[in-house]
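**Q** My questions concern the predicted model and sequence given below.
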Amino acid sequence: MLYALGQSLVGRQAAELQEVALDLKRRFGASPDIFTRGRMAVAAAHAIAVNKGLFGKIEFVTPPPSWTESVRKALDTPMSICVNGALLSYDWTELASGNLPD
């Protein structure tokens, strides 16, 4: 449904992670750590890329493959971790590593 509206689940999840982090930082005065398992790594990477100073330690456990690898190897990648048109500019793993292309 979000895709039909020109939005992505990744974007919604990243925004929610930022809201929770802002609330936690406001309440406790410290940047929260992020620990993700599986698909949530994609949303977390986007949230971190938008506001790096908002989060403390970051750990990705069993993240999904990069979008590039998914396309090249024709992997069965769920649409819920895709951002329409993003691969033309970046791959989600570049956000996670902080190595964004110019």
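**A** Thanks, I have it.

**Q** give the contact list for the spatially closest residue to Leu75 that is not a sequence neighbour.
**A** Once its chain neighbours are removed from consideration, Leu75 has its nearest residue in Pro65; the separation is 6.2 Å (Cβ to Cβ, 6 or more residues apart in numbering). C-betas here are computed from N, CA, C, even on glycine. Counting by Cβ atoms under 8 Å, 6 or more residues apart in numbering, Pro65 makes contact with 73, 75, 77.

**Q** State the number of residues packed around the last one.
**A** The number of residues packed near Thr77 is 17, by other Cβ atoms under 10 Å.

**Q** ok, it - contacts?
**A** Residues touching Thr77, when contacts are defined by Cβ under 8 Å, 6+ apart, comprise 64-65, 67, 70.

**Q** Now rank the residues you listed by neighbours and give me the top one.
**A** For the contacts of Thr77, neighbours tallied by other Cβ under 10 Å; top is Trp67, 21 neighbours.

**Q** and that one, how far is that from Val50?
**A** 18 Å (Cβ to Cβ, to the nearest Å).

**Q** Next: Ala44.
**A** Spatial separation of Ala44 from Val50 under the definition Cβ to Cβ is 11 Å.

**Q** Now do the shared contacts for the two.
**A** Residues within reach of Ala44 and of Val50 at once, by Cβ under 8 Å, 6+ apart, are Ala14.

**Q** Neighbour count for the two, which is higher?
**A** Set side by side, Ala44 and Val50 show more neighbours around Ala44, with 25 against 13, by other Cβ under 10 Å.

**Q** close enough to count as contact, that one and Arg37?
**A** No: judged on Cβ atoms under 8 Å, Ala44 makes no contact with Arg37 at a distance of 10.3 Å.

**Q** Many thanks, I have nothing further to ask.
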